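*Asks:* Need the 3D shape of this:
(chains A and B)
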Amino acid sequence: MEQDIGALFCAYQDSVFRLALSYTRSVQDAEDICQTVFLKLLHAANLQPGKKKAWLMQVTANESRNLLRSFWRRNVGSLDELLEVTLPLRTSKDSELFAQVMALDTKYRVVLYLYYYEGFSTAEIARLTHSSKTAVTTRLQRARDKLKTSLEGAGYETADQFGL
Amino acid sequence: MKQQINSVFEQIRLPAQASERIRAQLDMECSNLTEKGLDNMRAKKNIRIRKKVLAGVIAAAVICAVPAGVYAANNIISFIAGSGQISDGGAAVTFDTGSLDSYLKVVDGKLILDPDGEKLDITDELSETEPYIYTTQPGDGTTHYLIIGGTLDNYGVAEYVRSEDGQWQGGFSNNAMGEWCVNGARQLELPWADMIAQNYQNYQNEQQSSGSESSPEA
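*Replies:* Numbering: from 1, shown residues only, chains lettered A, B, ... in the order given. Take a look at the predicted model:
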């Protein structure tokens, strides 16, 4: 493998997978998107230095949205989706928080991931998600509120133990 | 909150098996890349296989979602873009070896349809409500119907295939969420027409829901 592509794959494979998973909630689809994105990177010409991560995340967001809009996805879903996302996490508390994040609507899951984990600004998220900054800010607030409510609804007396 | 979410997402990683598979695929692609090969591959795009529908558990969902008999048994359909679909009567797998711009793209402000070397300028036919329907017969007994619509900035296409005996074999769409596609499906009397209309309705509802978020909550 060319060194540059190999290094980029090592550095960003998980970020691409997480964003695709946040959109699709399907491990299989997220893996497929990951493959597509890096193959596109291989064939992409003249990417600006320092812009490769942004390019990867943008292409991942586009591919994920295309998948969600596709005829087959909208009508039949996937096996992963039916079984729900199950990934091994360290503690039951982590598993609960992940399950509750994945249970949120796509628009909330994606902004939570991009803002808190990837550290993107609301302006950057707006560009990635083809939304306005105001919509991103509103989604973040609603995502926090919904997460707190769902955790409390899941039997946790207070969401404080999750830092909410 | 940041700390808690980071702690969770940090544990989410591309599964090792998938990582190795993709790395091997990239290795293979790289090894094929000569200067000449690079040019060719940029044009051809990549080969991707994606499971859209799985047999067994999914079969019930397929039967509910798609009227029975719309897939011929053990059928392989080749679409104009190079995409394909294999079905066994109850489930289907689609695969994609091409892209929309291989036969439909904007050139100098004109939307050019070029499925078989004709290079048709269909700019004036483009509409957000009325479909442009192109029909072609590749010579294998099937008839392919391309429903095209949208705007120059946001156009899409849906392709449906009918066999020699008049049975609809299946379809494939790309950025086809629009009234033009719903109307095209109805004009062709596709067995999926109602489902396509419902999908578009759901899509519109989602868009409206997203748009309403821009205003502050009460």
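
*Asks:* Now residue 19: phi and psi?
*Replies:* Went with chain A since none was named. The phi/psi pair for residue A:19 (degrees, to the nearest 10) reads phi -70, psi -40.

*Asks:* Average pLDDT for stretch B:151-171, rounded please.
*Replies:* Mean pLDDT, stretch B:151-171: 84.

*Asks:* And stretch B:24-36, by the same measure?
*Replies:* Stretch B:24-36 comes out at a mean pLDDT of 72.

*Asks:* Then stretch B:1-8?
*Replies:* Averaged over stretch B:1-8, pLDDT sits at 82.

*Asks:* For that stretch, buried residues please.
*Replies:* Neighbour counts using 16 or more other CB atoms under 10 Å in any protein chain shown place B:4, B:5, B:7, B:8 of stretch B:1-8 among the buried residues. In short, each C-beta sits where N, CA and C put it, glycine included.

*Asks:* Next: stretch B:151-165.
*Replies:* Of the residues in stretch B:151-165, those buried (16+ other CB under 10 Å) are B:155, B:156, B:157, B:158, B:159, B:160, B:161, B:162.

*Asks:* And for stretch A:23-43?
*Replies:* Buried, per 16+ other CB under 10 Å, within stretch A:23-43: A:23-42.

*Asks:* Roughly how far does residue B:197 sit from residue B:178?
*Replies:* Using CB to CB, to the nearest Å, residue B:197 is found at 11 Å from residue B:178.

*Asks:* So which of these two has more stuff around it?
*Replies:* residue B:178 (24 against 16; other CB atoms under 10 Å in any protein chain shown).

*Asks:* Which residue ranges of chain B form strands?
*Replies:* Ranges of strands in chain B, per DSSP state E, are B:48-50, B:75-78, B:84-87, B:92-96, B:104-107, B:110-113, B:120-121, B:132-136, B:143-150, B:155-162, B:168-174.

*Asks:* Paired strands for the last one, with orientation please.
*Replies:* Looking back up the chat, that one is strand B:168-174. Here strand B:168-174 has these sheet partners by DSSP bridges: strand B:155-162 (antiparallel).

*Asks:* Quick check: chain neighbours aside, which residue is closest to residue B:150?
*Replies:* Counting by CB to CB, 6 or more residues apart in numbering or on different chains, residue B:156 is the residue found nearest to residue B:150 once chain neighbours are left out, at 5.2 Å.

*Asks:* What's the local residue count around the nearest residue to residue B:135 once chain neighbours are set aside?
*Replies:* Closest residue in space to residue B:135, ignoring its immediate chain neighbours: residue B:145 at 5.6 Å, by CB to CB, 6+ apart. For residue B:145, the count of nearby residues is 21 (other CB under 10 Å).

*Asks:* again with residue A:54
*Replies:* For residue A:54, the count of nearby residues is 15 (other CB under 10 Å).

*Asks:* host element of it?
*Replies:* helix A:52-69 (DSSP states H and E).

*Asks:* Mind exporting the C-alpha coordinates of that helix to PDB?
*Replies:* Coordinates of each C-alpha in helix A:52-69 appear next as PDB, following Å, rounded to 0.1, in the frame of the first residue of the first chain:
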ATOM      1  CA  LYS A  52      -7.500  15.300   4.200                       C
ATOM      2  CA  LYS A  53      -9.400  14.600   7.400                       C
ATOM      3  CA  ALA A  54     -12.000  17.200   6.500                       C
ATOM      4  CA  TRP A  55     -12.300  15.600   3.100                       C
ATOM      5  CA  LEU A  56     -12.700  12.100   4.600                       C
ATOM      6  CA  MET A  57     -15.400  13.200   7.000                       C
ATOM      7  CA  GLN A  58     -17.200  15.100   4.300                       C
ATOM      8  CA  VAL A  59     -17.200  12.100   1.900                       C
ATOM      9  CA  THR A  60     -18.200   9.800   4.800                       C
ATOM     10  CA  ALA A  61     -21.200  12.100   5.600                       C
ATOM     11  CA  ASN A  62     -22.200  12.200   1.900                       C
ATOM     12  CA  GLU A  63     -21.900   8.500   1.400                       C
ATOM     13  CA  SER A  64     -23.900   7.900   4.600                       C
ATOM     14  CA  ARG A  65     -26.700  10.200   3.600                       C
ATOM     15  CA  ASN A  66     -26.800   8.700   0.200                       C
ATOM     16  CA  LEU A  67     -27.200   5.300   1.700                       C
ATOM     17  CA  LEU A  68     -29.900   6.400   4.100                       C
ATOM     18  CA  ARG A  69     -31.800   7.900   1.100                       C
END
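
*Asks:* Sounds good, over and out.
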